[in-house]
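# only the shape, not the letters, is given here:
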C-alpha cells in the first residue's frame, strides 16, 4: 500500500456550523477517500495534525481561526497523579477485552444511552444505528475496540487506532449513570499505561479547543504536547 505524502490529494468543505464554538463557522480539510492509507501514512498524517472519523481523515482548516489544537501525551514522561492513581484503583475490577468490530448488541445499547444522557445538545443526537456504524463501526486495519466489563455488564468502549508511534484515541463512550468511576478519564489512563507497556511514545487525543469547556479534560493530562506552526512542543500553560 502507498505511504507517500507527495501524491496525496486533499479537499476542503464549504463553511459549516462549528461543532465546538457556537458563533463560528468551520471549514474542514479531508484527505481524498480514494487514497489508500496504510499505518505508516496514517502515522505521518497524525503527526501533521490530522484525525480520523469513520472512513475519513481530516483536520480543521478554518480561515482566521486556529482554535482547534492537536494534542498528544508523551507517555514516557507521564507520571500518574494521586487522583489518577485512585481512578485506576477504582476500576481495577474491570475486565478488558479486545474486539474486531462493534457488532455486539451491548455496544450500541451503551452508545445510545451515553449520547442521550451526556450529549443531548450535540450533533450526534439523537443517536441512530446508521450514524453509529458510519462514525465508529468503520474499522481500519489498525483499529481495535476495547470493551471494559464489570462481570457481564459493559461499562465502557474505547475505539483506538494503533499507529506506528502510539495510539490515536478515536472515541470513548461509557455508562453515563456510573459517575463514581470516572470512566472517561480511566480509559485514557488505561491507554497511557498500555502504551508505556508496549513502549509506544504517544497517545494522540485529537483536538483541544481552549474556549470549549467540554474539551478541557484533554489538557489536564501532564505533560502534554501541542502542535503549533507545524512543530510539536510542550504545553506549559496548564491550569491546576
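Arrived safely. Everything numeric in this text was worked out from a predicted model, so none of it was measured.
# so, low pLDDT: which residues of this protein?
1-6, 237-240 (pLDDT under 70).
# strands of that one, start to end?
For the chain, strands defined by DSSP state E occupy the ranges 10-12, 16-17, 25-26, 28-31, 51-53, 56-60, 68-74, 95-99, 143-150, 153-163, 166-174, 202-209, 225-228, 231-234.
# by contact count, what packs against the first one?
Spelled out, it's strand 10-12. Applying 3 or more C-beta pairs under 8 Å, 6 or more residues apart in numbering; DSSP states H and E, we find strand 10-12 packed against strand 28-31. For glycine as for every other residue, the C-beta is placed from the backbone atoms N, C-alpha and C.
# about what we covered before: of the strands of the chain, which is nearest residue 128?
Residue 128 sits nearest to strand 166-174 of all those, at 14.6 Å, using C-beta to C-beta.
# if we can go back for a sec, for the strands of the chain, give me CSV that also has mean neighbour count and distance to residue 132.
Below are these laid out as CSV (neighbours: other C-beta atoms under 10 Å; distance: least, C-beta to C-beta, whole Å):
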stretch, mean neighbour count, distance to residue 132
strand 10-12, 12, 25
strand 16-17, 10, 21
strand 25-26, 16, 23
strand 28-31, 18, 21
strand 51-53, 20, 13
strand 56-60, 19, 16
strand 68-74, 22, 24
strand 95-99, 12, 15
strand 143-150, 18, 12
strand 153-163, 21, 11
strand 166-174, 22, 10
strand 202-209, 22, 19
strand 225-228, 17, 29
strand 231-234, 12, 32
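# show me the one of these that comes nearest residue 40.
The nearest among those, by C-beta to C-beta, is strand 153-163 at 9.1 Å.
# and that closest one, what does it pack against?
Under the contact definition 3+ C-beta pairs under 8 Å, 6+ apart, strand 153-163 sits against helix 39-47, helix 105-118, strand 143-150, strand 166-174, helix 183-197.
# and residue 78, which of the ones you listed is closest to it?
Relative to residue 78, the nearest member of the helices and strands packed on strand 153-163 by C-beta to C-beta is helix 183-197, separated by 5.7 Å.
# for the closest one, give me every contacting residue.
73, 75-76, 78, 80, 84, 87-88, 90-91, 94, 96, 146, 148, 155-156, 158, 160, 166-167, 169, 172, 174-175, 201-203, 205, 217, 221 (C-beta atoms under 8 Å, 6 or more residues apart in numbering).
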